[in-house]
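>>> Give me a model of this one.
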Amino acid sequence: MQVELSINASQTQENCAKNKPLATWRIFSVIYFAALSIALLDFADARSFLGDIDDRMRELQIRQFFSANGRWYDLTLPMIAMPETYASPWSRLIDLPYMTIAAILAPLLGLEKSIPISFDIWPPVMLSIFCLLVAAIFRPQLRVSRALNYTIVVTSVFLMALAVWEFVPGRIDHHNMQIIGLLIMMAGLQRWDRAGGILVGAGTLICFVVSLEGLPFVTLGFLGLVLCFVFDVRGTRQVLFAAAVTILVLTLPAAFAFIGPSGILSMQCDAVSAPYILLAIGCSLSLATGTALLAKQTFNVKLIGLALPTAFVAAATAILFPRCLSGPYWMIDPLSKADWLDRVGQEHSFVYFLQQGQFFIVFMLAVLACIAIMALPAVIGGARKQHAGIAIMFAIAVASLVLTLLQTRNIRFAFAFIPLFLPLALELVTMSAADASGRLKQVRTLVAAAVILVLGTTAALRFIIPQQESHYDAIDYMAYSDCADQDFSVLSSQQPGRIAVPQGLALPVVFAAPDGFSVAAVPFHRASPGMKRMFEAFTSHASEVRRSALAPFDYVAVCRFPLSVDPREAPLYAELARGGSWPGLQRIPSPSKTDFQLFRIDHSSLR
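This next block holds a predicted model:
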């Protein structure tokens, strides 16, 4: 069915004549004021709603850089020993601004004060970049009255709250930069020219260097570009060629800058390394060559000319690096998966929110789905008018929502991308009855029915999926026994060594312990070997398994836990958490009253 909407060129020009488009800087000012207000509202209690252990690990990585005399390529964290030293997969690109700010402030304030200040300075600066990109994407879509434009913009920003909160002071994880990288890519798709292609390539490279979580969206974006080129959509050649060349030219310099020669040759399936560098260079070379040579060829020739080289690169990568076919979590053993990963909420679908009684988040996801449905006719209209970039952007946004429903770790992307289409979604609403054709009225009816269906289904799910009562066991207690505000000074009186701790106590001990101490594991996928040892040590009923797990360690540390722990679930942890003793563990007296308990291991008598 042909859909005639206000997105067509003639009506767009008419609307622009009646209502002069807002300048990008005006839109940016409104967006940044609204976004900064939302961010500071979250920060009002000095705690971030989205803040988690990732921020502490990033802080640890930055502090280790300064304490290790600035070894840029060295991402090992010696304070985490499993007993092998933990090596971080996280990019120095994220560390760089914090290190720079801290280094600038250090002569005035001292390094110890400068580092946390840098954590408060840089996220709001990134928020301004985020808002500028959002403003650039919004500007061509705002076609109604100025007052309504500002209302739409502010409403969109409020709908982005879960994305904006990634830029709260102290939120130093890499997800904020991931969002910025993908927005740069989307801004380039909207421009749909050579400069836009360069933006697509630059945004892709940022996502590529930062982490691999953005790869599904990058892949979808380039798939859309390839399809547009094959179907001879106007302007695609210069966009795709510029994007591919940008990636081809900058991949190796970026790799040298952030991971170094040894990192380029290494195989790390969860971080930028040889497999992904090969894919980036090989695929971008194939696309750049194909778009340069095949522009005037037939559909079949272009399809084969692009598909075969890309498939060859993918096959070669799979053959050379077969371990990566198992995914980035290949190192997680079954015990760590069951006792750690499977208990992490963000690894589950949106049903988890319903089971936990967090219906408001599910409702907001339904609102995002309604925006996508309402925007679809305008996106289709734009695609038919050769504005293919908006269709690819829309596909990326919808993919982020679908992936969020399947795995909630993607929720930040859905809240960042779907509200970008609110102006297009409201075109169906703001168009006057006099302008509405019979077909448009049919579209409105279908869209209204779809929106009602989505909201009705969401409301029904609240009652169909019952809220689960929270039942915590010893494994859960081990994840939360963080000994907040307790005295760790007993560590200062002991010889440095390796400490076996539950995963929830690991980072508090790391930040409190003097140099030379190390903990067994932290709750991250690369620390799975250490987590496995700790689960065996604290939960096993077999003495031999426990002795083997604790063999490389010098100490055991546990916090007293206020709740009763079932010894059938974790014998060693249950006994120590209630303040008891254990054969082969010698309690080290603390100089003050504290819930932190430290034991020296006597391996010869350990039971």
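>>> Next one, pLDDT for F488 please.
pLDDT for F488: 93.
>>> Wait, it touches P514, no?
No: using C-beta atoms under 8 Å, F488 makes no contact with P514, being 9.7 Å away. Every C-beta, even on glycine, is put in place using the N, C-alpha and C of the backbone.
>>> so how far is stretch 70-89 off the chain centroid?
22 Å (C-alpha atoms, centre = their mean, to the nearest Å).
>>> how about that stretch: buried residues?
Neighbour-count burial for stretch 70-89, counted by 16 or more other C-beta atoms under 10 Å, picks out L75, L77, M79, I80, A81, M82, Y86, S88, P89.
>>> residue boundaries of the helices in the stretch 351-500 of the chain?
According to DSSP state H, counting those that start in this stretch, the stretch 351-500 of the chain carries its helices in the segments 351-355, 359-384, 388-406, 411-417, 422-425, 427-430, 438-464, 474-480.
>>> just the ones you listed: most buried one?
Counting by mean count of other C-beta atoms under 10 Å, helix 411-417 has the highest mean neighbour count of these, with a mean of 26.
>>> which other helices and strands contact that helix?
Packing partners of helix 411-417 (3 or more C-beta pairs under 8 Å, 6 or more residues apart in numbering; DSSP states H and E): helix 161-164, helix 175-191, helix 359-384, helix 388-406.
>>> switch the cut-off to 7 Å
For helix 411-417, the elements it packs on are helix 161-164, helix 175-191, helix 388-406, judged by 3 or more C-beta pairs under 7 Å, 6 or more residues apart in numbering; DSSP states H and E.
>>> Need the contact partners of the last one.
What that stands for is helix 388-406. For helix 388-406, the surrounding residues in contact (C-beta atoms under 7 Å, 6 or more residues apart in numbering) are 186, 189-190, 192, 216-217, 220-221, 224-225, 228, 233, 236, 349-350, 365, 368-369, 372, 375, 379, 382-383, 410-411, 413-414, 417-418, 420-421.
>>> Let's see that with 6 Å instead.
With contacts defined as C-beta atoms under 6 Å, 6 or more residues apart in numbering, helix 388-406 is touched by 186, 189-190, 192, 217, 220-221, 224, 228, 233, 349-350, 368, 372, 379, 382-383, 410-411, 413-414, 417-418.
>>> May I have the residues that are in contact with I465?
L354.
>>> cutoff 7 Å now
Listed by C-beta under 7 Å, 6+ apart, the contact set of I465 reads V351, L354, Q355.
>>> Could I get the pLDDT score of the spatially most central residue of the chain?
The centre of the chain sits closest to H175, judged by C-alpha atoms, centre = their mean, with a distance of 3.9 Å. pLDDT recorded at H175 is 94.
>>> cool, and the one 4 residues further on?
In the prediction, the pLDDT value recorded for I179 is 96.
>>> what number of residues lie near it?
Using other C-beta atoms under 10 Å, I179 has 26 other residues around it.
>>> show me the contacts for it.
Taking C-beta under 7 Å, 6+ apart, we find I179 in contact with F130, A163, E166, R412, F413, A416.
>>> got the buried residues of stretch 70-89 as JSON lines, with secondary structure and pLDDT columns?
Shown next, in JSON lines, are the buried residues of stretch 70-89 (DSSP: H, G, I helix; E, B strand; the rest coil; pLDDT from 0 to 100):
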{"residue": "L75", "secondary structure": "coil", "pLDDT": "93"}
{"residue": "L77", "secondary structure": "strand", "pLDDT": "94"}
{"residue": "M79", "secondary structure": "strand", "pLDDT": "93"}
{"residue": "I80", "secondary structure": "strand", "pLDDT": "94"}
{"residue": "A81", "secondary structure": "strand", "pLDDT": "92"}
{"residue": "M82", "secondary structure": "coil", "pLDDT": "88"}
{"residue": "Y86", "secondary structure": "strand", "pLDDT": "94"}
{"residue": "S88", "secondary structure": "coil", "pLDDT": "93"}
{"residue": "P89", "secondary structure": "coil", "pLDDT": "92"}
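>>> looking at this protein, which helix or strand does the model trust least?
helix 9-18 (a mean of 41; mean pLDDT, DSSP states H and E).
>>> Quick one: residues in contact with stretch 500-518.
53, 56, 60, 78-81, 340, 478-483, 488, 491-492, 496-499, 519-523, 531, 534, 537-538, 550, 553, 555-559, 573.
>>> Can you give me the buried ones in that stretch?
Buried, per 16+ other C-beta under 10 Å, within stretch 500-518: 500-510, 512-513, 517-518.
>>> and that stretch, how far from the chain's centre?
That offset, for stretch 500-518, works out to 26 Å (C-alpha atoms, centre = their mean).
>>> now do stretch 368-384
That offset, for stretch 368-384, works out to 26 Å (C-alpha atoms, centre = their mean).
>>> What of stretch 78-90?
For stretch 78-90, the distance from its own C-alpha centre to the chain's C-alpha centre is 22 Å (C-alpha atoms, centre = their mean).
>>> can I see the domain layout of the chain?
1-173, 474-601 (automatic domain parsing).
>>> closest one to T445 among those domains?
domain 1-173 (12.3 Å; C-beta to C-beta).
>>> Let me know the closest of the contacts of I465 to Q586.
Using C-beta to C-beta, Q355 comes nearest to Q586 of the contacts of I465, at 43.6 Å.
>>> give me every residue that touches that closest one.
Contacts of Q355 (C-beta under 7 Å, 6+ apart): I465, Q467, Q468.
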